[in-house]
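I would like to see how this sequence folds:
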Amino acid sequence: MIQFIKKYGFLIFTMVITLVGFFVLKFSVDLGAGAASAYLDSMGGSMDSAEFNSIQSKYIIANMIAGGILLFLGLTFLFFSVYRLSKNNS
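Numbers count the residues shown, from 1 in each chain. So this is what the prediction gives:
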């Protein structure tokens, strides 16, 4: 079991990071809209619509950046770990 974790642990970890990045990127609009609504509720529930749209777009962009970074890092290390495994097996 320990050898399995040593051999495939990094691969599984990078797959999880890649999937998390993909889903954060895919649902960035929903996550951003939810975060903006939560911010609006915390500020008393009343705000100018232009200001709310600006805050909402910033939350969406922040989620897109975070998801993109996670996806990029996950895919980079995933390819690296697959290469390393194929090199060790041959």
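
What count of nearby residues applies to Leu70?
20 (other CB atoms under 10 Å). C-beta coordinates here come from the backbone N, C-alpha and C atoms, glycine included.

for Ala62, same thing?
Neighbour tally, Ala62, other CB under 10 Å: 14.

Would you mark the buried spots in the helix or strand hosting Thr18?
Thr18 is located in helix 2-26, with elements delineated by DSSP states H and E. Using 16 or more other CB atoms under 10 Å as the test for burial, helix 2-26 gives Phe10, Leu11, Thr14, Met15, Ile17, Thr18, Gly21, Phe22, Val24, Leu25.

Show me the contact partners of it.
By CB atoms under 8 Å, 6 or more residues apart in numbering, the list of residues contacting helix 2-26 from outside reads 31, 63-64, 66-75, 77-78, 81-82, 85.

Select only the buried ones of the residues you listed in PyMOL?
In PyMOL, this line selects whichever of the contacts of helix 2-26 come out buried by 16+ other CB under 10 Å:
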select buried, resi 31+63+64+66+67+70+71+74+75+77+78+81
